[in-house]
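**Q** predicted model and sequence below, questions to follow.
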Amino acid sequence: MTLKEKATRAAAAAALDQSVKYIRKNPQDNLVHLVEKVESFAGKVFPEKNFKKFREGAADPENVYTRLVLRAIHELHPNVFRNMTLALGLGAAMGTKTVRENREKYHCNIPFITLLDPTSACNLKCKGCWSAEYGHTLRLSYDEMNDVIEQGRELGTHVYMFTGGEPLICKDDIIRLCGEHPECAFLAYTNATLVDRAFCEEMQRVGNLALAVSIEGDEASNDYRRGEGSYHKAIEAMKLLRECGCMFGVSVCYTSQNLQSVTSDAFLDQMIGLGALFAFYFNYMPLGKGAVPELIPQPEQRKYMIQWIRSVRNQKTGKPIFVMDFQDDGEYVGGCIAGGRNYFHINSAGDIEPCVFVHYSDSNIRTHKLLEALQRPLFMEYYRNQPFNDNHLRPCPMLENPDCLCRMIEKTGAKSTDLIDQESAEELCAKCRDFAAKWQPVADELWNSTPHRETKTYYYRDTPEGKAAKAAEKND
């Protein structure tokens, strides 16, 4: 950080600490004060109307997000609450401005988030998880990951997520990265089997690392996919994380088989009771030669998920936990967020992939800088073709628009990055076509029957060069 950034951070930290103490004396009446403090150092980045809504919500004791913020204030260790709020409210907010400027400057996607696989190793073999097929030999060094973060910060990226493999196999490196970059927010997706008190104390110390604990419903549903005993270990880890005041939530892969279990009131209430502050839901994707297409949630199940996710987020009648569904929330982010538009993925071999679910690449961190990769053919195809569908209930170029992914891979010559058994784009997309065909009429009916918010997303097609390219295409 520069001296100016350090001074700004120190001032914001002092103001935040004072506000939290003030809130704890009289939580409901003083919560608006916290919103005003956050607005004072991040208000220039986001619209004023957003903060107006935050203030209105903070003044309502029944608002589920007011209850969620109060949960965080009371349940998180003070160092965790302060440092994560600063990383997200100051670092990421200021980085957002730089991201937008660099998109204009470099004429390509620049991400808010970068995902990295520190290692290919994993101590579980979950059904439907590609990581189990990757082997246990590949690993990114600390210096390589640190260099990715340094490059990313220059572009404006201030949020980093660790996937795998099981990223906590490299937990010493992860903690060190968090300590070296307090201005960034970090999250690790984990099976939680390696969470112990010593690690929780380190999370407490750095304060800018959260965990997303993988869990799939009740014990029977979870252990069917993750192996006997994994449910109990995840629950015990969550209890320890809450006891130590660490920030965590849950990561849920929903399938045609477990959907009812992972969306039940009993499941979500249990996660809230254990201390989870967020829940990220992922649609099953049929990756790899051993994939089971029958596990893809069927159209009626997807329709149910769309209704369910909105009901649990209702400000008045929902749950005090932040829940999002990466497949069915495309409406709120303008469709597909991969290819560097909002994020991209670096696997444990250093391959730079457009998506954690799309294992093809034409660049590697050991041969290309991040900006180079974002400007190479594969990522530029994402940039020029997003959104892949104007119906944002059909956002993915693989699952819902499989011909799009096949076309991009063929055009760019991107290679399969599967570390064990290479799979062509046609083989992958063939497993998605049946679902895509069945989902299209259902999704179109849903999309066309309801009003939609304006995301103000700026696509390539809206740029001067995009409009010129479109005109030239028509003339041809």
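**A** Here it is on my side, so go on. Numbering: from 1, shown residues only.

**Q** SS state for residue 211?
**A** Using DSSP: H, G, I helix; E, B strand; the rest coil, the secondary structure recorded for residue 211 is strand.

**Q** from residue 276, how far off is it?
**A** Remark: distance between residue 211 and residue 276 (Cβ to Cβ, to the nearest Å) = 10 Å. All C-beta spots, glycine's among them, are computed from the backbone N, C-alpha and C.

**Q** which one of the two is surrounded by more residues?
**A** Neighbours of residue 211 and residue 276, each counted by other Cβ atoms under 10 Å, are more numerous for residue 211; the result is 28 against 25.

**Q** need the phi and psi values for the nearest residue to the more buried one once chain neighbours are set aside.
**A** Taking Cβ to Cβ, 6 or more residues apart in numbering, and ignoring the residues beside it in sequence, residue 211 has residue 248 as its nearest neighbour in space, at 4.3 Å. As for residue 248, its main-chain torsions (degrees, to the nearest 10) stand at phi -160, psi 160.

**Q** repeat for the one 4 residues further on
**A** In this entry, residue 252 is assigned phi and psi values of phi -120, psi 120 (degrees, to the nearest 10).

**Q** same deal with residue 244?
**A** Geometry field for residue 244 lists phi and psi as phi -90, psi 0, criterion degrees, to the nearest 10.

**Q** which SS class is residue 51?
**A** Under the three-state scheme (three-state DSSP), residue 51 adopts helix.

**Q** for residue 61, see how far away it is.
**A** With distances defined as Cβ to Cβ, the gap from residue 51 to residue 61 amounts to 19 Å.

**Q** quick one: which of the two has more around it?
**A** When neighbours are counted by other Cβ under 10 Å, residue 51 and residue 61 differ, and residue 51 comes out ahead with 17 against 12.

**Q** which residue is the nearest non-sequential neighbour of the more buried one?
**A** Setting aside the residues directly before and after it, residue 51 is nearest to residue 39 in space (Cβ to Cβ, 6+ apart), at 4.6 Å.

**Q** residue 299 too?
**A** residue 442 (4.4 Å).

**Q** please identify the helix or strand for that neighbour.
**A** In this assignment (DSSP states H and E), residue 442 forms part of helix 433-448.

**Q** tell me which element residue 114 is part of?
**A** Once you assign secondary structure using DSSP H and E, residue 114 falls within strand 113-116.

**Q** that strand - what's its average pLDDT?
**A** Here strand 113-116 scores 98 as its mean pLDDT.

**Q** got a list of contacts for the next helix or strand after that strand?
**A** Scanning forward in sequence from strand 113-116 by DSSP H and E, the next helix or strand is helix 142-155. If you take Cβ atoms under 8 Å, 6 or more residues apart in numbering as the criterion, helix 142-155 is touched by 95, 98-99, 102, 110-111, 114, 116, 118, 158, 160, 173, 176-177, 180-181, 183-184, 346, 350, 365-366, 369-371.

**Q** run the chain-centre distance for helix 142-155.
**A** Between the mean C-alpha location of helix 142-155 and the chain-wide mean there is a distance of 18 Å, by Cα atoms, centre = their mean, to the nearest Å.

**Q** mind listing the strands whatever helix or strand comes next after that helix pairs with, and their directions?
**A** Heading C-terminal from helix 142-155, the first helix or strand you meet, by DSSP H and E, is strand 159-162. Applying DSSP bridges to the sheet, strand 159-162 is found paired with strand 113-116 (parallel), strand 185-190 (parallel).

**Q** that older thread, buried residues, the helix holding residue 442. List them.
**A** Neighbour counts over helix 433-448 (16 or more other Cβ atoms under 10 Å) mark 435, 436, 439, 440, 442, 443, 446, 447 as buried.

**Q** may I ask which helix or strand encompasses the residue nearest to residue 277 when sequence neighbours are not counted?
**A** Closest residue to residue 277 in three dimensions, ignoring its sequence neighbours and counting by Cβ to Cβ, 6+ apart: residue 249, at 5.4 Å. Take DSSP H and E as the rule and residue 249 turns out to sit in strand 248-254.

**Q** report the beta-bridge partner residues of the closest residue in space to residue 323 that isn't next to it in sequence.
**A** What sits nearest to residue 323 in space, not counting adjacent residues and going by Cβ to Cβ, 6+ apart, is residue 279, at 4.7 Å. Each beta-bridge partner of residue 279 is listed here: residue 250, residue 323, as defined by DSSP bridges.

**Q** residue 279 contacts residue 270, correct?
**A** No: with contacts defined as Cβ atoms under 8 Å, residue 279 does not count as touching residue 270, sitting 11.3 Å away.

**Q** now do the strands in the chain.
**A** If DSSP state E is used as the criterion, the strands of the chain fall at 113-116, 159-162, 185-190, 209-214, 248-254, 278-283, 322-325, 343-346, 352-353, 360-361, 415-416.

**Q** might one say that residue 191 is in contact with residue 234?
**A** Yes: taking contacts as Cβ under 8 Å, residue 191 lies within contact range of residue 234: 7.0 Å.
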